[in-house]
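[1] no sequence on this one, just coordinates:
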């Protein structure tokens, strides 16, 4: 699964990569965690001939998708990941997969190599070529009981490639730049037309760097969490899980 990631590129670099006219200023973010706001990009409104409107739009989304049909969020697990194998069938994701596919810009992500019941060794996993990548994302707008609306989202994951399978069996889906338009096009490209994009990245696409356990704490947000480091094995008590929650997700509150 992808439970933490980073976006340290500048707004200008990020906008150029995603084909956006511009982005508002934002600081480097080294330890993005579920429930925090994340930047996602959607296809923009359909343009009239000769219009100067951008064909892609950026928005801040709460990381943790809540389907529109949820009545009580306190009883619903936090869906920060969506497994690619079930996005067409699972009720939580199929509407977003049809109508609100998105790109999630990132400089890389973190994953933990499990060791028994312990959290294990964390790794900073980044593209070998550097720069920004785009994860496949889904967006759902949730209407709260009080009438306000909240945009929520998830990152789609797939089976890990040979390069990082020794660390974890899942990884985020990376959408290549040449496929941005097809992935975002929810008007003419049905979900079944883009399933071929939900595949692991090439085995040599990422490099994995062992880092210290500073990344384990959400409060640690500086560049030092990406410095190389080794964590000594420690026993850890298994966490309690809410009934019905997916073991690869987190509880909502």
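    That came through fine. These numbers come from a predicted model, not from an experiment.
[2] centroid residue for the chain?
    Most central in the chain under Cα atoms, centre = their mean is residue 155, positioned 3.2 Å from the mean C-alpha point.
[3] and that one, which of the three is it?
    What DSSP: H, G, I helix; E, B strand; the rest coil gives for residue 155 is strand.
[4] ok, now residue 59?
    strand.
[5] right, and it touches residue 40 too?
    Yes: between residue 59 and residue 40 there is a contact at 6.0 Å, judged by Cβ atoms under 8 Å. Yep, even glycine has a C-beta here, placed from its N, CA and C like the rest.
[6] distance between the longest helix seen in the chain and the chain's centre?
    Ordering each helix of the chain by length in residues (DSSP state H) puts helix 11-18 first. Relative to the chain's own centre, helix 11-18 is displaced by 17 Å; criterion: Cα atoms, centre = their mean, to the nearest Å.
[7] the helix or strand containing residue 6 pairs with which strands?
    Per DSSP states H and E, residue 6 falls inside strand 4-7. Take DSSP bridges as the rule and strand 4-7 pairs in its sheet with strand 29-32 (antiparallel), strand 108-115 (antiparallel).
[8] report the contact partners of residue 182.
    Residues near residue 182 by Cβ atoms under 8 Å, 6 or more residues apart in numbering: 189, 193-194, 197.
[9] and with 6 Å instead?
    residue 189 (Cβ atoms under 6 Å, 6 or more residues apart in numbering).
[10] tell me where the protein has helices.
    11-18, 94-99, 180-184.
[11] and those as JSON lines, adding distance to residue 119?
    Output for the helices of the chain, formatted as JSON lines (distance: least, Cβ to Cβ, whole Å):
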{"stretch": "helix 11-18", "distance to residue 119": "30"}
{"stretch": "helix 94-99", "distance to residue 119": "30"}
{"stretch": "helix 180-184", "distance to residue 119": "33"}
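[12] in a markdown table: the ones you listed, plus distance to residue 84 and mean pLDDT.
    Converted to a markdown table, these look like this (distance: least, Cβ to Cβ, whole Å; pLDDT from 0 to 100):
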| stretch | distance to residue 84 | mean pLDDT |
| --- | --- | --- |
| helix 11-18 | 21 | 97 |
| helix 94-99 | 10 | 97 |
| helix 180-184 | 12 | 97 |
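[13] quick one, which of those is nearest to residue 149?
    Proximity to residue 149 (Cβ to Cβ) singles out helix 94-99 among the helices of the chain, at 14.7 Å.
[14] buried residues in that closest one?
    By 16 or more other Cβ atoms under 10 Å, the buried positions in helix 94-99 come out as 94, 96-98.
[15] what helices or strands is that helix leaning on?
    Here helix 94-99 touches strand 133-143, going by 3 or more Cβ pairs under 6 Å, 6 or more residues apart in numbering; DSSP states H and E.
[16] any idea of the mean pLDDT in the strand it packs on?
    Mean pLDDT, strand 133-143: 97.
[17] off-centre distance for it?
    Worked out by Cα atoms, centre = their mean, strand 133-143 lies 8 Å from the chain centre.
[18] coming back round to it: tabulate the buried residues of helix 94-99 (TSV), appending distance to residue 112.
    Listed next are these as TSV, based on distance: Cβ to Cβ, whole Å:
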residue	distance to residue 112
94	29
96	27
97	28
98	33
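[19] closest to residue 24 among those?
    residue 96 (24.5 Å).
[20] hang on, that closest one packs against residue 142?
    No: at 11.0 Å, residue 96 does not count as touching residue 142 under the criterion of Cβ atoms under 6 Å.
[21] one step back: the residue nearest to the centre of the chain bridge partners, please.
    Counting by DSSP bridges, residue 155 forms beta bridges with residue 81, residue 137.
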